[in-house]
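# The sequence isn't on hand, but the structure is:
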């Protein structure tokens, strides 16, 4: 951005006033476009160019970092040089939008035709709207989302989605955390998805290729969506694709960030699924688990919350908000490890449905179990599934299971050894502060163990 010391010191002349009026009338989030760039360099007065640039930078500085501003300028220069006609076509489109804002009028409801809601996933995911999938890290939201993608790309009905789909379609994934080769591809293949209909953009890859962060309110993201022509857009997790200056607890900022993609979804007819990490508050359910982004709950037309049952370790998917339909029954599934194309991955396996909701599971009391080896095994799996990372220090795990079940150390060791042997859990070492290596246990689908040890 420009330093004021480098801008002209003379008073602004009449030629600047239309540009200042444009800056004042245009929402900050919509300012960095090709039309604005074209306005910067009207005329041949270099001092005036510098003043326009300074005024623009002052207008957006609270919302755009200096680095992002410079990246936008460089991108405009490069695109105008590479494709002048395309650049000025874009500028003309943005000019028309700016002029439209100044004379925009309300629409008459009498001229609107009534229409039924269009569904991508019947009763759960509406087209042209936002659906939220929320859960703690490690719960299984990625495995559930993979089942949804398999359903959208193949139309195959399962216990997860038993109703026939109207039409299959393409899926575009904005991946903030999952690697395409080691996570996305094997996970989707394990779920049965048609990966020929799936495309992706990773946050890291976009930054490496363009030098810019990819934010959901930026034109770059809208252009990627338009080219992909998807039936479903998955943003996972949403937090990764919000600008650094967006406060998730601010209603105004969240609405400004989300409105562009929601508007595009309504125009093109695709569905948007935002995958969210929930907060770490204990003993809260439903909306309170998304308290740091409460306005998203209001904007979404459908909300699904995931968690783990305390008594049997099954993962539940509770339909907590349904604006256009009755709430669907809660789906229960188990997580299994499998190998696809030589890569170890996880898979969601449908179990059953229930009318219990998120709050019922959150506030349920764990039932004390007996002292058999099988019950100790179940308790170990439950404890790991409930952990936010699906892992736990070995000593802590042993202490909690023996205290909870009342089983003997011998019974615990037998149960633990059988789970390791069957590949359901894995033991690994982790460097801790001071260089001490501690032993941990994880659910096997989370990755290979880094070490082994015969003593438990």
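Looks like it arrived, so ask away. Here the structure is a predicted model, which means the values were calculated and not measured.
# Tell me where the stretch 101-250 of the chain has strands.
With strands called from DSSP state E, counting those that start in this stretch, the stretch 101-250 of the chain shows them at 119-121, 125-126, 130-135, 171-175, 198-202, 232-236.
# For residue 301, which of the ones you listed is the nearest?
Distance to residue 301, taken as Cβ to Cβ, is lowest for strand 125-126 among the strands of the stretch 101-250 of the chain, at 5.4 Å. C-beta: built from backbone N, CA, C; applies to glycine.
# hmm, back to that, got a markdown table for the strands of the stretch 101-250 of the chain, with distance to residue 331 and mean neighbour count too?
Below are the strands of the stretch 101-250 of the chain laid out as a markdown table (distance: least, Cβ to Cβ, whole Å; neighbours: other Cβ atoms under 10 Å):
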| stretch | distance to residue 331 | mean neighbour count |
| --- | --- | --- |
| strand 119-121 | 12 | 22 |
| strand 125-126 | 14 | 24 |
| strand 130-135 | 12 | 24 |
| strand 171-175 | 20 | 24 |
| strand 198-202 | 22 | 19 |
| strand 232-236 | 18 | 24 |
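# May I see the ones you listed arranged in CSV, with distance to residue 404 and mean pLDDT as well?
Listed next are the strands of the stretch 101-250 of the chain as CSV, based on distance: least, Cβ to Cβ, whole Å; pLDDT from 0 to 100:
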stretch, distance to residue 404, mean pLDDT
strand 119-121, 38, 97
strand 125-126, 38, 97
strand 130-135, 24, 95
strand 171-175, 37, 97
strand 198-202, 40, 97
strand 232-236, 34, 97
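# And these: which comes nearest residue 376?
With Cβ to Cβ, the closest approach to residue 376 among the strands of the stretch 101-250 of the chain belongs to strand 130-135: 26.8 Å.
# got the angle between that closest one and strand 232-236?
40 degrees (axes from the mean of the first three to the mean of the last three Cα atoms, to 10 degrees).
# so how far is strand 130-135 off the chain centroid?
Relative to its chain's centre, strand 130-135 lies at 8 Å (Cα atoms, centre = their mean, to the nearest Å).
# For it, which helices and strands make contact with it?
Here strand 130-135 touches helix 141-154, helix 251-268, strand 271-277, helix 294-299, strand 302-308, going by 3 or more Cβ pairs under 8 Å, 6 or more residues apart in numbering; DSSP states H and E.
# can you list the strands of the stretch 101-250 of the chain in TSV and add distance to residue 250?
What follows is the strands of the stretch 101-250 of the chain, written out as TSV (distance: least, Cβ to Cβ, whole Å):
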stretch	distance to residue 250
strand 119-121	29
strand 125-126	26
strand 130-135	17
strand 171-175	22
strand 198-202	26
strand 232-236	19
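# Low-confidence ranges, this protein, go.
Across the chain, the ranges flagged by pLDDT under 70 are 1-13, 102, 291-294, 366-371, 432-436, 445-456.
# The helices and strands packed on strand 130-135: which one's closest to residue 75?
Comparing the helices and strands packed on strand 130-135 by Cβ to Cβ, helix 251-268 comes nearest, at 17.8 Å.
# What residues sit buried inside the closest one?
253, 254, 256, 257, 258, 260, 261, 262, 264, 265 (16 or more other Cβ atoms under 10 Å).
# One more: stretch 136-148?
Applying a neighbour-count criterion of 16+ other Cβ under 10 Å, the buried positions in stretch 136-148 are 136, 138, 139, 140, 141, 142, 143, 144, 145, 146, 147, 148.
# Need the contact partners of stretch 266-274.
118, 120-121, 125-133, 145, 148, 169, 225-226, 229-236, 238, 261-262, 265, 296, 300 (Cβ atoms under 8 Å, 6 or more residues apart in numbering).
# and of the buried residues of helix 251-268, the nearest to residue 343?
Within those, distances to residue 343 taken as Cβ to Cβ reach their minimum at residue 261, with 31.4 Å.
# Distance check, that closest one against residue 415.
Taking Cβ to Cβ, to the nearest Å as the measure, residue 261 falls 48 Å from residue 415.
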